[in-house]
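# task: produce atomic coordinates for the following.
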Amino acid sequence: MALRIAVRRSSAVCHCFASTSVREPAFIRRNASAMAVPTSSQPEKAGNDIHREASLSNPDPPTDSQTAAIVGEHLQYMVATYVRPPPMMVKGEGCYLWDIENRRYLDFTAGIAVNALGHCDPEMAKLIGQQARTLIHTSNLYHNPWTGALSQLLISKTRDSGSMHEASKVFICNSGSEANEAAIKFARKVGKIRQLSGEQHEIVSFNQSFHGRTMGSLSATPNPKYQKPFGPMIPGFRYGNYNDEAGIKDLVTEKTCGVIVEPIQGEGGVNVATPSFLQALRDRCNEVGAVLIYDEIQCGLSRTGQLWAHASLPPSAHPDIVTTAKALGNGFPIGATMVTEEVAKCIVTGDHGTTFGGNPLACRLAHYIISRLSEPKLQQGVLEKEKIFRAGFQRLQERFPEVISEVRGRGLILGLQLTQDPTPIVTAARERGLLVITCGTNTLRFVPPLIISNEEIEEGLGVLEQAVEAALSPKEQVDGTKGQQEMAPKGR
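Below is the predicted model of the structure:
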């Protein structure tokens, strides 16, 4: 039976590659034989494998599978920065992914809030082909029509949305870390101009935040797991407690040049900043002459049902800088740092730069994506889909009150706070065809494509309920996949 299943899957994978008119990579052809004959001769193991095949729709590939053979061949050449679950994804369409064994998964992760328009958006694929045949890269030594067009669109859509009312100019880069790195550097430059002595150089960030992995953005990410391997951090960073209004005055001082904060902390546990906390930060920054930076890399671009998560705040609480990435390219690497005129006039030629940032291909794609994500119909749909998720979460909480303690978030960035390790649930969901990820401490994170249908949400919620039940069942052994969505230090 296991052999027949393997042969069917192998045939389906070959058909998948053939249908896209792309010759399958050599490593897939080379390892196809791994699926032909089971390597295990142990009857007990074979029996267990058959049972798993029969009881689960998407059991993780076993150690003698085609997937394992390819992964084993590749890992010896890869720096060990991530701990990945067993499946190898080879195809995506809409809200679904397929692995090399041709198993389909409903994706509630969207590449960690990246694929807001889903996988392999047809218009995006068309634009990639057109631009690749026209012009991909010139560097920033020359003008191209798309860097400026994207910058103009970002500013106009931001102002029209009621966000960052003084948005003026944009720096285009390649990633969220780089967008935050630019924001930190810009804040430092503003501080040097406002206080020639150089004393106004400190950057304030908050516990449970995540701003990136470059040394500057990492220094603003007060998590020992990320910082300890690369310490000491860059000096001049101070950390406070999220939503602690009482501590702001002592935290943000005359030495502070910039404050960076996520309106909704993604990696930290889907923690939502209170409007009064963000307003208090804005007021204190005004008092000491510091730059206020909103990191909307994960929570921005309509994930909350508004173009930016801070759009619901009054103009008096708006930032001087907004950083974005993730959904901006829907999977293609690009980031952006939007600034007010007050900040922009402090940055002169030669202060900062990038070789790849602003290339025509990335900017043309982002121009299209911004046009789509700023549509009122899509944004209204996000709010309606949030209600479906919350209704499903309430049902789950009522059924498993000892496990689910809280629901957090806005729009389609939502978190289920659990009372125990969520990784067995992640595994059980994946082996039933649903992809979810974790964040913070014992939190399940839900950041699906914004185009997800109501039916797909209900389908995923049904699988999630089965996964929680399986993870809690004493009859089933469901192992967690440690470090499943992020870097995991050795021994974790």
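# which residues are in contact with the residue found closest to residue 182 once you drop the neighbours it is linked to in the chain?
Excluding the flanking residues, the one nearest residue 182 by C-beta to C-beta, 6 or more residues apart in numbering is residue 337, at 4.4 Å. Where C-beta positions appear, they are placed from N, C-alpha and C, glycine not excepted. Each residue near residue 337 by C-beta atoms under 8 Å, 6 or more residues apart in numbering is listed here: 170, 171, 173, 179, 180, 182, 183, 186, 321, 322, 323, 324.
# next step: these restricted to helices.
179, 180, 182, 183, 186 (DSSP state H).
# shaky segments in the chain?
For the chain, the stretches with pLDDT under 70 are 1-54, 475-492.
# what residues go with each domain of it?
For the chain, automatic domain parsing gives the domain ranges 1-108, 127-374, 376-492.
# what's the spacing between the last one and its chain's center?
With C-alpha atoms, centre = their mean, to the nearest Å as the basis, domain 376-492 stands 15 Å off its chain's centre.
# against which helices or strands is the one helix or strand residue 152 maps to packed?
Per DSSP states H and E: residue 152 is located in helix 145-160. On a contact count with 3 or more C-beta pairs under 8 Å, 6 or more residues apart in numbering; DSSP states H and E, helix 145-160 meets strand 167-173, strand 335-340, helix 360-373.
# run through the bridge partners of the residue nearest to residue 182.
Counting by DSSP bridges, residue 337 is bridged to residue 171, residue 323.
# dump the residue contacts of the closest residue to residue 341 other than its chain neighbours.
Distances taken as C-beta to C-beta, 6+ apart place residue 168 nearest to residue 341, at 4.1 Å, with adjacent residues excluded. Residues near residue 168 by C-beta under 8 Å, 6+ apart: 155, 339, 340, 341, 344.
# I'd like to know how far residue 168 sits from residue 309.
From residue 168 over to residue 309 the distance is 20 Å, taken as C-beta to C-beta, to the nearest Å.
# what does residue 146 give?
In terms of C-beta to C-beta, residue 146 sits 26 Å off from residue 309.
# more neighbours: which of those two?
residue 309 (29 against 20; other C-beta atoms under 10 Å).
# how close does that one sit to residue 116?
Between residue 309 and residue 116 the computed distance is 14 Å (C-beta to C-beta).
# list residues touching both of these two?
Residues touching both residue 309 and residue 116 by C-beta under 8 Å, 6+ apart: residue 303.
# isn't residue 172 right up against residue 333?
No: with contact defined as C-beta atoms under 8 Å, residue 172 does not reach residue 333; the gap is 11.3 Å.
# of those two, who's got more company?
residue 172 (27 against 17).
# for the closest residue to the more buried one other than its chain neighbours, helix, strand, or coil?
Closest residue to residue 172 apart from its sequence neighbours, by C-beta to C-beta, 6+ apart: residue 358 at 4.0 Å. Assigned by DSSP: H, G, I helix; E, B strand; the rest coil, the conformation of residue 358 is coil.
# OK, contacts around residue 459?
residue 106.
# ok so it is a strand residue?
No: with three-state DSSP as the criterion, residue 459 is helix rather than part of a strand.
# that one and residue 345: what is the separation?
According to C-beta to C-beta, residue 459 and residue 345 sit 51 Å apart.
# sorry, back to before: and the helices and strands packed on helix 145-160, which is most packed in?
strand 335-340 (a mean of 26; mean count of other C-beta atoms under 10 Å).
# geometric centre of the chain: which residue is closest?
Nearest to the geometric centre of the chain sits residue 112, at 2.8 Å (C-alpha atoms, centre = their mean).
# surely it meets residue 325?
No: Residue 112 is beyond contact range of residue 325, at 10.9 Å (criterion: C-beta under 8 Å).
# which of the helices or strands spans residue 97?
Per DSSP H and E: residue 97 is located in strand 96-99.
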